[in-house]
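Trainee: Quick one, what's the 3D model for this:
(6 chains)
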Protein chains: 4
Amino acid sequence: MRREQILAAAKRVFAANGFHATTIADVARQAGVSYGIVYWYFDNKEALFRSLMDGEEQALRTHIGQSVLERALHPGDPDLTVTAIKQALRATLGFFESRPDSARILFRDSLSFSDNFARHLFDIYERFIGDIEAALVAAQEGGQVIQGPARIMAYSVAALVGQVTLRRLVTDDGLTTDQVADFLVEFILNGILAR
Amino acid sequence: MRREQILAAAKRVFAANGFHATTIADVARQAGVSYGIVYWYFDNKEALFRSLMDGEEQALRTHIGQSVLERALHPGDPDLTVTAIKQALRATLGFFESRPDSARILFRDSLSFSDNFARHLFDIYERFIGDIEAALVAAQEGGQVIQGPARIMAYSVAALVGQVTLRRLVTDDGLTTDQVADFLVEFILNGILAR
Amino acid sequence: MRREQILAAAKRVFAANGFHATTIADVARQAGVSYGIVYWYFDNKEALFRSLMDGEEQALRTHIGQSVLERALHPGDPDLTVTAIKQALRATLGFFESRPDSARILFRDSLSFSDNFARHLFDIYERFIGDIEAALVAAQEGGQVIQGPARIMAYSVAALVGQVTLRRLVTDDGLTTDQVADFLVEFILNGILAR
Amino acid sequence: MRREQILAAAKRVFAANGFHATTIADVARQAGVSYGIVYWYFDNKEALFRSLMDGEEQALRTHIGQSVLERALHPGDPDLTVTAIKQALRATLGFFESRPDSARILFRDSLSFSDNFARHLFDIYERFIGDIEAALVAAQEGGQVIQGPARIMAYSVAALVGQVTLRRLVTDDGLTTDQVADFLVEFILNGILAR
DNA sequence: AATGAATGAGGATTCATTCAT
DNA sequence: AATGAATGAATCCTCATTCAT
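Mentor: Numbers count the residues shown, from 1 in each chain, chains lettered A, B, ... in the order given. Next comes the predicted model:
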């Protein structure tokens, strides 16, 4: 419980100020706990941030839903594949749109780290990209998706979802979440659907 | 000349280690100059990084070429518009593929800053996005590009180019630059071309 | 306790070397504590010095004594007023003569600061000058002190006590504290007593 | 001429910001000369400030006037002594009131220096105090001034003139220079005149 | 588990002074 | 004489991490 309390506070301050500009003191103050206790629950600042990222990964996966994910990965009916991809895309967009802090945690400092810390972050991305790639390969085999480098396609999808989401946190483009989701789904599917 | 010497060194170390992990001492050492001289040419660490970013923006714009850019913005022949967009996309991808440090400078720390520093970076992005948007609007009016939110389309294009480029700096996907460029151009144009 | 330890050390080194020539490292070394702990107890170097000044103000006020001060401010018997002023003068002189560091803290850097730091110091002086002025006005109303600009009179008294005290820290004039106090009391009262 | 140009600029900035907060760059900029040339005319920052102080001492002595000074020091007619002291006091007050920067140069950082620099400043003061002392001793011998420690008396006079002058630069007491001069002369002479 | 004091390395920035031209 | 680039020591302050209680 204490641990969750700290994580929740950390999420807020890291999201608001970024990894480097956030101090352990900020986190403790925000959580209303004492300074040193953070080190009881987490080895160090990076481990704390890592836990946060892991939590976000899990939350996103839960939100997309195993059913959708599995349908996308092991399609029976070809049309279901595309539907599943669509659903996953919308679920992902919806997840970040309603959880701005989650988006900031996962994307804000994404590449500004070094060494083994960056590695952890990188692995999270790679897992998602691997999943997207698997779905695309399955759909390619079913003939619903054009041939092409599936990994780069997967990168592209991840990049679009991530960056557009993040950009929308910073600027107001006057569009609703649905409009953006519609466009992105359209854009991505146009780009990859076989004709 | 000294200034350029420092900028070149700064580009190397910032690209290698990121903004936060780089110290002014690193830059000076890498440039083979004394510690304090950096502050003769640049107000502070952020100003140095800003100069770097500005330089990259200019270099990219030069590389894309005014001719291409203007053709994209003020099209005569509708088909030329699409050709120009294609050219700009390829030029941009080529620019970053042959200048990995430039990509790192512009994308690596892109959103991990705060306050007025982030603002400067943001403005650079917005300028490019504005240009892309203008090209898309022109093409939409010519009927070559589908209707839709041009600004989000522009975001998407920027995100794709930026993130895919950056990712390829970190991992080896076994593809040539041309293959990736082909795919991205295809993907983007499929996504936005009117049919 | 740690806080007092730091304050005591800071008093010694600031008094010895002045504000600008003293480093936080000097203070920490003198106090026998680690460098960073100073910043646990004080926001910054100026705040540390401010605390020191505030402490000296309090110590001096305590030393002069509420009784004397109140007698000077709310005199019943006119003659008592003059007696009280005399007592306050002697108490002040005695305070500084036996506490050279206190004198240095309050007078040494008195006007060499800028901005909001100088303001704090200035306020301390003004409070004392305000008190002296009040005493003089009371005595003027009782007819014991000549008419004249009470504020300038108060300035003058403060200047005499402060500067003469400070000068005596630097040079040896071969006089005892009592002799100097006698002279100053005489000088000041001659200057302001009604005849 | 160049030297005077630098001195004039230095006087302005040192008076405005104090010794420590003023940089050689500030002085050069204010003087409209290049950075390094200051070191052609002055050995270092302290030497520059010393020159400034020396200039002020000379200017003040000139302003008080040799005649007055000599009359005060070598009195013939006893009454003339007191008149001369009066004149010197008024001349001094007038000097500083019309030259606020001079007052700041001589008093602002008066005691916040260390070592051999402070020594130079100290010597200037001591010269004035010596002169005042000599005048007082002469007047004591003539019977116009009360017996007492002449050196402390001299200190007192210097302290009064200096501090009251300085304080008036910072606060507005609503009095004219003449009113303050009248009071100070009165105060000082009351304090020291034999009755 | 919890507190918050203590440590000290690290890093940005300033600026007096020197020096090549 | 003059310029302004170059040097590098000095110092403030931050903050991750440890530790005594």
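Trainee: which one is A:Ser156 nearest to, not counting chain neighbours?
Mentor: Nearest non-adjacent residue to A:Ser156, counting by C-beta to C-beta, 6 or more residues apart in numbering or on different chains: B:Leu160, 5.5 Å away. The C-beta positions use only the backbone N, C-alpha and C, and glycine is treated the same way.
Trainee: which parts of the strand or helix carrying that neighbour are buried?
Mentor: Using DSSP states H and E, B:Leu160 sits in helix B:150-170. Neighbour-count burial for helix B:150-170 flags B:150-169 (criterion: 16 or more other C-beta atoms under 10 Å in any protein chain shown).
Trainee: quick revisit: so the residue nearest to A:Ser156 sits against B:Phe187, correct?
Mentor: Yes: counting by C-beta atoms under 8 Å, B:Leu160 does reach B:Phe187; the two are 7.3 Å apart.
Trainee: quick one: common contacting residues for these two?
Mentor: A:Ser156 (C-beta atoms under 8 Å, 6 or more residues apart in numbering or on different chains).
Trainee: quick one, domains of chain A?
Mentor: Per the record, chain A has its domains at A:1-42, A:45-192, by automatic domain parsing.
Trainee: For C:Phe96, find the nearest of these.
Mentor: With C-beta to C-beta, the closest approach to C:Phe96 among the domains of chain A belongs to domain A:1-42: 41.1 Å.
Trainee: close to DNA strand F, is the closest one?
Mentor: Yes: using C-beta under 7 Å from any atom of the strand, domain A:1-42 reaches DNA strand F at A:21-25, A:35-36, A:39.
Trainee: gap between A:Ala9 and C:Gln179?
Mentor: To C:Gln179, A:Ala9 is 66 Å away according to C-beta to C-beta, to the nearest Å.
Trainee: And these two? Which one has more around it.
Mentor: A:Ala9 (19 against 14; other C-beta atoms under 10 Å in any protein chain shown).
Trainee: What helices and strands are in contact with the strand or helix carrying A:Ala8?
Mentor: Using DSSP H and E, A:Ala8 sits within helix A:2-21. If contacts are counted by 3 or more C-beta pairs under 8 Å, 6 or more residues apart in numbering or on different chains; DSSP states H and E, helix A:2-21 sits against helix A:24-31, helix A:38-41, helix A:45-64, helix A:100-103.
Trainee: any idea of the angle that helix forms with helix A:45-64?
Mentor: Here helix A:2-21 points in a direction 110 degrees away from that of helix A:45-64 (axes from the mean of the first three to the mean of the last three C-alpha atoms, to 10 degrees).
Trainee: hey, C-alpha coordinates of helix A:2-21 in PDB?
Mentor: Only the C-alpha atoms of helix A:2-21 are listed here, as PDB (Å, rounded to 0.1, in the frame of the first residue of the first chain):
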ATOM      1  CA  ARG A   2       2.800   2.300   0.900                       C
ATOM      2  CA  ARG A   3       4.500   1.200  -2.200                       C
ATOM      3  CA  GLU A   4       1.500   2.000  -4.300                       C
ATOM      4  CA  GLN A   5       1.200   5.400  -2.600                       C
ATOM      5  CA  ILE A   6       4.800   6.200  -3.600                       C
ATOM      6  CA  LEU A   7       4.300   4.900  -7.200                       C
ATOM      7  CA  ALA A   8       1.200   7.000  -7.600                       C
ATOM      8  CA  ALA A   9       3.000  10.100  -6.500                       C
ATOM      9  CA  ALA A  10       6.000   9.300  -8.500                       C
ATOM     10  CA  LYS A  11       3.800   9.000 -11.600                       C
ATOM     11  CA  ARG A  12       2.400  12.400 -11.100                       C
ATOM     12  CA  VAL A  13       5.700  14.200 -10.600                       C
ATOM     13  CA  PHE A  14       7.700  12.300 -13.200                       C
ATOM     14  CA  ALA A  15       5.000  12.900 -15.700                       C
ATOM     15  CA  ALA A  16       4.900  16.600 -14.800                       C
ATOM     16  CA  ASN A  17       8.600  17.400 -14.700                       C
ATOM     17  CA  GLY A  18      10.400  14.500 -16.400                       C
ATOM     18  CA  PHE A  19      12.900  12.200 -15.000                       C
ATOM     19  CA  HIS A  20      15.900  14.500 -14.600                       C
ATOM     20  CA  ALA A  21      14.000  17.400 -13.200                       C
END
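Trainee: anything in that helix near DNA strand E?
Mentor: Yes: counting by C-beta under 7 Å from any atom of the strand, DNA strand E is contacted by helix A:2-21 at A:Arg2.
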